[in-house]
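# fold the following.
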Amino acid sequence: RDYPVYMWLLFDALLSVYGSGRRVEAELGHSVVWGRLRSLIRKALPTRPDLWLPDRPMRRHHYLYGRSRYLAAPGVLEEIAELHRQLAVEQAQQCGLLDPDGPGSWTHPDLSRMLYADGKVVTPLFRAKPGDKRIDKTTGEVHYPRVEADAGFHVEGTGEMVWGTKFVIIAARHPEPHSRFILDVACVETSGAEAATALDRFVGLAPLVPGAQGVVYDTAFRGVHHQRLMRDLGWVSVNRVTANSGSRKRPAKDRKRVEKTVYVETKTIGTRDGEQQVRLISQGGRIGLGEVTESGKPVFVPLDRVRTHRNVDKRGTYRWYNDYRLPEQLGGGIVTVRLHANDEDAKRKFNRSENVRQIPPGDPDFEVLYRRRNDAESINRHLDDTLWLRRAHSIGNRRQLLNMITYALGVNALSMHVHRNGLAPPQAA
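The predicted structure follows:
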């Protein structure tokens, strides 16, 4: 080999800076750039001359050989992904993120201890889809254009079907610029598997991030996913409940969102006049009372969340509860509502983890935490801006996954550079 193995990864990461392999080759081929890189490597590795760079700059064909022959090979790519997860978590923790002794509680989680993620569909290099053909009108010859074999149709948040390869990106950050760390990237192998893929990666990350308090995600997560986050990982899941109605066929600005309202349970409470039963309902994930006005119109009266807490059972799983303040006409006491689903819910066919949230919309903490969803969209937009014509750098989901990992390495390296150059760990928003 003419170049150390790390140069393959560096070349791949530079694709996200310059947009294409040919541009990376041109930049590295400049005598000033290549000379500067050689001196930096020698300074960083003074006792490893075997890892120093030669006089001749690296070319694109050197990178393509290393990427296709080694980096994307079975077993190698998986090991690279695992090493990236470990390194990214260590870097984030060095900057004060995901600290087990950091700020926040289960009632009021802190943004510095929250993970957030989203799915991203990358447009393939080729427009054609499997089965497409073109007929030469002059000769009648049939041509089959090149296609991305690993691409598929995926649903976006707007309800639109898009063609491409889909990935899940998991991150954590401080509020200041250049303080984002991408902790994991995973390929969504089949259409509709975004939530399952994301959950699988959260489970894989959990042992590495004991200081994590929860996850911010969109409505791709449903009850089964919230249940596992709560019960198995012991995390808070910050997420909206899927609306009861609101046609996606209409433009987003014209849609009227109607929150889902469901009966949760009946509680017996003590008042000055003796015991009384109250019916608890959930609207958009928020617990409240169903009352009737003088005109007979039903109204939803939300209860204020006072405390969120969890208990560990003998199996090592977690049981979650919220305490709510009752109105003065009902004594002003506390009523406790279970958040995780159990066999009783299954018997009456009630999906509790789908319809009841630990921190629901309308809660002051939800407004603070769910704001982190904006940064997930920011990652997607920034990724688009690094792609040539907003199309994938490579062919095949394994090569594209490598591109995504090295893109994450670049983002994380920039955040570490900002942190190491004199800035103390910023305070979480």
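
# now name the helix or strand holding Lys267.
strand 261-271 (DSSP states H and E).

# following element in sequence after that strand, please.
Reading on from strand 261-271 to the C-terminus, the next helix or strand found by DSSP H and E is strand 274-283.

# tell me the strands beside that following strand, with direction?
Within its sheet, strand 274-283 is paired with strand 261-271 (antiparallel), strand 286-292 (antiparallel), according to DSSP bridges.

# what average pLDDT does it get?
The pLDDT scores in strand 274-283 average 89.

# also stretch 9-29?
96.

# give the buried residues for that stretch.
9-16, 18-19, 21, 24-25, 28 (16 or more other Cβ atoms under 10 Å). From N, CA and C alone the C-beta is placed, and that goes for glycine too.

# check stretch 281-290 too.
For stretch 281-290, by 16+ other Cβ under 10 Å, it's Ile281, Ser282, Gln283, Gly284, Gly285, Arg286, Ile287, Gly288, Leu289.

# thought the third one was touching Val301?
No. Using Cβ atoms under 8 Å, Gln283 and Val301 do not qualify as a contacting pair, with a distance of 9.8 Å.

# mind listing the helices for the stretch 151-300 of the chain?
194-205, 223-228 (DSSP state H, counting those that start in this stretch).

# any chance of CSV for the buried residues of stretch 9-29, columns secondary structure?
Shown next, in CSV, are these (DSSP: H, G, I helix; E, B strand; the rest coil):
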residue, secondary structure
Leu9, helix
Leu10, helix
Phe11, helix
Asp12, helix
Ala13, helix
Leu14, helix
Leu15, helix
Ser16, helix
Tyr18, helix
Gly19, coil
Gly21, helix
Val24, helix
Glu25, helix
Leu28, helix
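
# which of these sit farthest apart?
By the measure Cβ to Cβ, Leu9 and Gly19 form the most distant pair in those, at 17.7 Å.

# where does pLDDT dip in this protein?
Low-confidence segments of the chain, defined by pLDDT under 70: 245-255, 293-296, 422-429.

# which residue is nearest the centroid of it?
Central residue of the chain (Cα atoms, centre = their mean): Ala117, 1.0 Å from the mean position.

# so what's that one up against?
By Cβ atoms under 8 Å, 6 or more residues apart in numbering, the residues touching Ala117 are Val168, Ile169, Ile170, Ala171, Ala198, Arg201, Phe202, Val215, Val216, Tyr217, Ala376.

# equivalent analysis for Val262, please.
For Val262, the contact set (Cβ under 8 Å, 6+ apart) comprises Ile281, Ser282, Phe350, Asn355.

# swap in Gln400?
Val122, Asp150, Thr165, Phe167, Cys187, Ala392, His393, Ser394.

# turn the residues you listed into JSON lines, including neighbour count.
Shown next, in JSON lines, are these (neighbours: other Cβ atoms under 10 Å):
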{"residue": "Val122", "neighbour count": "26"}
{"residue": "Asp150", "neighbour count": "16"}
{"residue": "Thr165", "neighbour count": "25"}
{"residue": "Phe167", "neighbour count": "23"}
{"residue": "Cys187", "neighbour count": "18"}
{"residue": "Ala392", "neighbour count": "22"}
{"residue": "His393", "neighbour count": "22"}
{"residue": "Ser394", "neighbour count": "23"}
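
# in strands, which of those appear?
Judged by DSSP state E, strands contain the following of the contacts of Gln400: Val122, Thr165, Phe167, Cys187.

# nearest to Glu328, of those?
Phe167 (51.0 Å).

# find the nearest non-adjacent residue to Leu37, please.
Nearest residue to Leu37 in three dimensions, chain neighbours excluded: Leu53, at 6.6 Å (Cβ to Cβ, 6 or more residues apart in numbering).

# show me which of the buried residues of stretch 281-290 is closest to Pro74.
Pro74 has its nearest neighbour among those in Gly285, at 41.9 Å by Cβ to Cβ.

# residue contacts, that closest one?
Residues near Gly285 by Cβ under 8 Å, 6+ apart: Arg240, Val241, Asn355, Val356, Arg357, Pro360, Pro361.

# distance of it from Val241?
Distance from Gly285 to Val241, counting by Cβ to Cβ, to the nearest Å: 4 Å.

# what is in contact with those two at once?
Common contacts of Gly285 and Val241 (Cβ under 8 Å, 6+ apart): Asn355, Arg357, Pro360, Pro361.

# doesn't the second one fall inside a helix?
I take that to be Arg357. No. Under three-state DSSP, Arg357 falls outside any helix and is assigned coil.

# that one and Ala376, how far apart?
Using Cβ to Cβ, Arg357 is found at 18 Å from Ala376.

# neighbour count for these two, which is higher?
Of the pair Arg357 and Ala376, Arg357 is the one with more neighbours under other Cβ atoms under 10 Å, namely 26 against 19.
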